[in-house]
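> Give the three-dimensional model of this entry:
(one chain, ligands or ions: 2)
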Amino acid sequence: MKTSVVLFLLITFVTLNLKSQEEYMDQSVQDSLRKFENKKFHSALTINPLNYPVGQKPKNVILFIGDGMGTTQVMAAHTANKGELNTTNFPYTGFSLTQSADNYITDSAAGGTALACGKRTDNGIIGEDTQGNALKSVVHLSENKGLSTGVISTSAVTHATPASFVAHVSSRKKYEDIASDFTETDLEVIIGGGLHHFTKREDKQNLLEKFSKNGYTVAYTLEEVQRANVKKLIALLDTIHLPRAEARQDMLPKSVERALKILSKNDKGFFLMTEGSQIDWGGHANNTGYIISETLDMDKAVGEALAFAMRDQNTLIIITADHETGGMALMEGDFSKGKVEAAYTRDDHTGVAVPVFAYGPGAELFTGVYPNTAIFEKIVFLLNLKK
Ligand code: MG
Ligand code: ZN
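Ligands and ions are numbered 1, 2, ... in the order given. Model prediction:
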């Protein structure tokens, strides 16, 4: 082969690789695991459905978004965890229809915007309607009412899902603009990846200096997060995305635990969004092990939230997804061994409805089948937020 051809192939390979790395960090790691056997187990908290208040409104809302987490992904994790999850113990369930304004199959930008802002927009757009008008998210509305707010993700915090609660950009790829929009909010807790979008920017600004000036404690490690007894915390734990669950050392559950300590100091209440970002990347990679370990990781974080909510009695927890990824089906399973075998119909998102699980005051409102935007409406109603 000629040198120029080799060079061309090399450059193409590197460029393609960088591109996919930006969107889905770990696609290169194909464990070829259609089959998966769970080596770990975590026990789930049980809820007494007979001793359950209805017709009440919560003071606090915790919203979990499993990116790409359809019913099959939940069932796979439930099976792998030997037949129990915190998520599947939730007493109220419903289905969310995930379509975006311009597509039957949503992406995470439009899907996140629908959940965060209650409006369907075109794929790729974050926090704006189809005409480019900025939308107020449940974070902005909660801040207006004096609630504390938080955003946690296992991707960069500038990635589509967390960004939908904070930013207004015409393209999800405008990571540095999204980081700038974080400085316009009053979030008490920001935990995830994305450090370089705040510090290694084209405009040479170091946004973390702004956060320090505004009273934030800036953290770079999980240890610092766990110790942070502060009023406002921004913790950027990786340059872009965090590593997979196995390497994150319970970053998500530990972050939720700490966030709840910080946010619950506010007597008026709080809103917290927590994303299991990488369930989606496991789906794109058709990697059963990746999907299950990420779903189990989020379920552990749900366990932290549930333990808090059961003590507090004034907190609504909602678990849902922006869309399903992979067209995943279960072909074989064994509860006693935690074994799952899955098949996939594609390496992208699908249009199937995703499950919604709810616990706490107002949970009964989440039964039924409704558009994704209704989740925003229900939260606004339950927290008495003004649009
Ligand atoms: Mg996401
Ligand atoms: Zn995706």
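
> how about the residues of the stretch 151-300 of the chain near ligand 1?
T161, S277 (CB under 5 Å from the ion). All C-beta atoms are positioned from the backbone trio N, CA, C, and that covers glycine.

> How about the stretch 151-300 of the chain: which residue is closest to ligand 1?
In the stretch 151-300 of the chain, the residue that lies nearest ligand 1 is T161 (3.2 Å; CB to the ion).

> Verify the stated contact: that residue with D322.
Yes. Under the criterion of CB atoms under 8 Å, T161 makes contact with D322 at 6.4 Å.

> More neighbours: the two, which one.
Legend: neighbour count by other CB atoms under 10 Å for T161 and D322, higher for D322 (32 against 29).

> Leaving out chain neighbours, which residue sits closest to that one?
Leaving aside its sequence neighbours, D322 sits nearest to G111 (CB to CB, 6 or more residues apart in numbering; 3.1 Å).

> and K119, which of the three is it?
Under the three-state scheme (DSSP: H, G, I helix; E, B strand; the rest coil), K119 adopts coil.

> All the helices of the chain, in order from the start?
Along the chain, counting by DSSP state H, helices occupy 3-23, 71-80, 108-117, 138-144, 160-163, 175-182, 195-199, 207-213, 222-227, 245-248, 251-263, 279-284, 288-312, 373-382.

> Pick the most buried one from those helices.
Among the helices of the chain, ranked by average contacts under mean count of other CB atoms under 10 Å, first place goes to helix 160-163 (a mean of 32).

> quick revisit: now the helices of the chain in CSV, with mean pLDDT?
Putting the helices of the chain into CSV (pLDDT from 0 to 100) gives the following:
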stretch, mean pLDDT
helix 3-23, 47
helix 71-80, 98
helix 108-117, 98
helix 138-144, 98
helix 160-163, 98
helix 175-182, 98
helix 195-199, 98
helix 207-213, 98
helix 222-227, 97
helix 245-248, 94
helix 251-263, 98
helix 279-284, 97
helix 288-312, 97
helix 373-382, 98
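
> mind putting those helices in CSV, distance to V352 included?
Formatted as CSV, the helices of the chain follow (distance: least, CB to CB, whole Å):
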stretch, distance to V352
helix 3-23, 21
helix 71-80, 8
helix 108-117, 13
helix 138-144, 24
helix 160-163, 18
helix 175-182, 28
helix 195-199, 32
helix 207-213, 38
helix 222-227, 34
helix 245-248, 24
helix 251-263, 25
helix 279-284, 12
helix 288-312, 15
helix 373-382, 17
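
> in terms of contact, does A363 touch P91 like I think?
Yes. If you go by CB under 8 Å, A363 and P91 touch, sitting 6.5 Å apart.

> In space, what's closest to I292 - neighbours in sequence excluded?
A80 (4.7 Å).

> Go through the helices of the chain and name the closest to Y52.
Ranking the helices of the chain by proximity to Y52 (CB to CB) places helix 288-312 first, at 11.6 Å.

> tell me the angle that closest one makes with helix 71-80.
80 degrees (axes from the mean of the first three to the mean of the last three CA atoms, to 10 degrees).

> neighbour count winner among A363 and P91?
Applying other CB under 10 Å to A363 and P91 shows that A363 carries more neighbours, namely 26 against 16.

> residues contacting the more buried one?
Residues near A363 by CB atoms under 8 Å, 6 or more residues apart in numbering: F90, P91, Y92, L316.

> Was I right to think the second one contacts P53?
No. Between P91 and P53 there is no contact under CB under 8 Å: 11.0 Å.

> ok so, going back, can I get the contacts of A363 in TSV with distance to ligand 1 and pLDDT?
Listed next are the contacts of A363 as TSV, based on distance: CB to the ion, whole Å; pLDDT from 0 to 100:
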residue	distance to ligand 1	pLDDT
F90	21	96
P91	27	94
Y92	24	96
L316	22	97
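
> Show me which of those residues is closest to N206.
The closest of the contacts of A363 to N206 turns out to be L316 (CB to CB; 37.2 Å).

> Which residue is the nearest non-sequential neighbour of T79?
G333 (4.4 Å).

> Contacts only, for that neighbour.
G333 neighbours (CB under 8 Å, 6+ apart): A76, T79, K339, V340, E341.

> quick one: pLDDT of the third one?
pLDDT recorded at K339 is 93.

> beta partners of it?
K339 has these beta-bridge partners by DSSP bridges: E37, D334.

> That one against R34, yeah?
No. Using CB under 8 Å, K339 is not in contact with R34, being 11.8 Å away.

> who touches the residue nearest to the spatial centre of the chain in this structure?
The centre of the chain sits closest to E275, judged by CA atoms, centre = their mean, with a distance of 1.6 Å. Shown in contact with E275 (CB under 8 Å, 6+ apart): F64, I65, G66, D67, I152, S153, T154, S155, T161, P162.

> what about 7 Å?
Listed by CB atoms under 7 Å, 6 or more residues apart in numbering, the contact set of E275 reads I65, D67, I152, S153, T154, T161, P162.

> In strands only, show me those residues.
Counting by DSSP state E, those place I65, I152, S153, T154 in strands.
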